[in-house]
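A.B. asks: The sequence and its predicted three-dimensional model are supplied below.
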Amino acid sequence: MDIQFRNIKKQDIEKMVQMSAEVGYEVRYENFSERINELIKNSNIAIIVATNEENKIVGWIQLEISSFIFSDKTCNILGVFIDKNYRGNQIGRKLIVQAQEWAKEKGCLFFRICSDITRIDSHAFYKHMGFKHIKTEQIFIQKS
């Protein structure tokens, strides 16, 4: 399978909304579109899409650079989504490799992903990709 990678385009949004819903993230097209339009203005954020031979999106990854006071520059994977009909075709692995290249270009020394405790299959994939499980944490949120 020939996979190509590129930055996100407006025409990608509808398929990205669908793929997000496949794994439980229900979001309206309008909200998704607004967020993406804001995110792509930020040079510390990347959204890379994977397309098949027909130029249809089969996966995507969202990245963000963090500059913590207490650690070196880090690239965070905020989401990896693969179309359910294309899973098992090395697309996730290829997206991670593309993301790592972007992170190196940006001067990141670390590459990190946080994954929900229930996503056991994802954890196995990340370990296979060379990620190390370093901690389990609780996340707290408060509406502003």
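C.D. replies: Great, that's in hand. Just so we're clear, the structure is a prediction, and the values are computed from it rather than from any experiment.

A.B. asks: in stretch 19-34, what counts as buried?
C.D. replies: 19-20, 32-33 (16 or more other CB atoms under 10 Å). Yep, even glycine has a C-beta here, placed from its N, CA and C like the rest.

A.B. asks: Need the three-state assignment for the most centrally placed residue in the chain.
C.D. replies: What sits nearest the mean C-alpha location of the chain, by CA atoms, centre = their mean, is Ile61, with 2.6 Å. With DSSP: H, G, I helix; E, B strand; the rest coil as the basis, Ile61 sits in strand.

A.B. asks: Next: Glu101.
C.D. replies: Per three-state DSSP, the local secondary structure of Glu101 is helix.

A.B. asks: Distance-wise, check it relative to Gly59.
C.D. replies: Distance, Glu101 to Gly59, by CB to CB, to the nearest Å: 16 Å.

A.B. asks: quick one: which of these two has more around it?
C.D. replies: Gly59 (24 against 12; other CB atoms under 10 Å).

A.B. asks: if I pick the more buried one, what's in contact with it?
C.D. replies: 19, 49-50, 80-83, 86, 91-92, 95 (CB atoms under 8 Å, 6 or more residues apart in numbering).

A.B. asks: at 10 Å instead, please
C.D. replies: 3, 5, 16, 19, 48-52, 80-83, 86-87, 89, 91-92, 94-95 (CB atoms under 10 Å, 6 or more residues apart in numbering).

A.B. asks: List phi and psi for Leu78.
C.D. replies: phi -90, psi -10 (degrees, to the nearest 10).
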